[in-house]
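Participant: I would like to see how this sequence folds:
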Amino acid sequence: MGGAATKIAALTQDAVAAYQAGDKKRAEQLFKKAASDPSAPPQTAYNFAVFLRREERGKDALYWLDRCIRSAPDHKNARIERGLALIDLGQLEQAMDGLQAFPEDEDALRGISVAAFKLGQWARAVDAVQALAVQACAEDRLLLIRAMAELGHLDAAEAAGADLKAEQGDLGADISKALTRRSKGRFSLIETV
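Facilitator: Below you'll find the predicted structure:
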């Protein structure tokens, strides 16, 4: 590894350590310094973009994801992360267009299901969650229940709700909410205290 590559790798390691220690300001400075280096590999821009998206700065994340993709057009994770950032920014159709290129990827499928749900495209949301199969988490399954109910498949929605409740009894209120509330996807399916 050359001098510049070693420096960029050290900056990235320090940024990760700062982030894990809770020093987000320092982490951002280090990630940006590493990603801004003209000799930085595309992965460095991707790393910074992931940090920015976690900090709910989707617009800034898009800049660095686009920079990564320009340098490495086949960077699958950057393309998926870009789709997720677009969802965060409310650009749902554009997000789905990009994410559908990865029908086998769990994060892409989850992103498609969320975007479709928010758009009221219930069948598309159902298809995406069902494609997750065993990787579907409780929130995915609640989304599936709500989308099936919206499609008028109440028996299937209730059966899915009963299965989820049998596995996670503490989600009873969330399941009832998913089965009864109609609001075009503009609500959280997980109750917070």
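Participant: just so I have it, where are all the helices in this structure?
Facilitator: 3-20, 24-36, 42-54, 58-71, 76-88, 92-99, 106-119, 122-132, 138-150, 154-167, 172-180 (DSSP state H).
Participant: I'd like those helices as TSV, with mean neighbour count and mean pLDDT appended.
Facilitator: C-beta: built from backbone N, CA, C; applies to glycine. Listed next are these as TSV, based on neighbours: other CB atoms under 10 Å; pLDDT from 0 to 100:
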stretch	mean neighbour count	mean pLDDT
helix 3-20	15	93
helix 24-36	18	96
helix 42-54	22	96
helix 58-71	20	97
helix 76-88	22	97
helix 92-99	19	97
helix 106-119	23	96
helix 122-132	21	95
helix 138-150	23	94
helix 154-167	15	95
helix 172-180	17	92
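Participant: quick one: contacts for the one residue sitting closest to the centre of the chain?
Facilitator: Taking CA atoms, centre = their mean, the centroid of the chain lies closest to L84, which sits 4.6 Å from it. Applying CB atoms under 8 Å, 6 or more residues apart in numbering, we find L84 in contact with R53, A95, L99, D107, G111.
Participant: Report the separation between it and A61.
Facilitator: For L84, the distance to A61 equals 9 Å [CB to CB, to the nearest Å].
Participant: Identify the contacts common to those two.
Facilitator: Contact criterion CB under 8 Å, 6+ apart; residues shared by L84 and A61: R53.
Participant: What distance do you get for the residue nearest to A101 when sequence neighbours are not counted to I69?
Facilitator: Leaving aside its sequence neighbours, A101 sits nearest to R79 (CB to CB, 6 or more residues apart in numbering; 6.9 Å). Per CB to CB, R79 is found 6 Å from I69.
Participant: next one: K118
Facilitator: 24 Å.
Participant: got it, and T12?
Facilitator: T12 is 19 Å from I69, by CB to CB.
Participant: give the contact list for A116.
Facilitator: A116 sits in contact with M96, W122, R124, A125, A128, A147, where contact means CB under 8 Å, 6+ apart.
Participant: how about 6 Å then?
Facilitator: R124, A125 (CB atoms under 6 Å, 6 or more residues apart in numbering).
Participant: Equivalent analysis for T44, please.
Facilitator: Under the criterion of CB under 6 Å, 6+ apart, the neighbours of T44 are I8, A34, A35.
Participant: Report the contact partners of the closest residue to L151 other than its chain neighbours.
Facilitator: Sequence neighbours aside, W122 is the residue nearest to L151 in space, at 4.8 Å (criterion: CB to CB, 6+ apart). By CB under 6 Å, 6+ apart, W122 lies in contact with A147, E150, L151.
Participant: What is the nearest of those residues to D174?
Facilitator: Proximity of these to D174 (CB to CB) peaks at A147, which lies at 14.6 Å.
Participant: From D88, how far off is that closest one?
Facilitator: For A147 relative to D88 (CB to CB), the value is 20 Å.
Participant: Next: G172.
Facilitator: G172 sits 30 Å away from D88, going by CB to CB.
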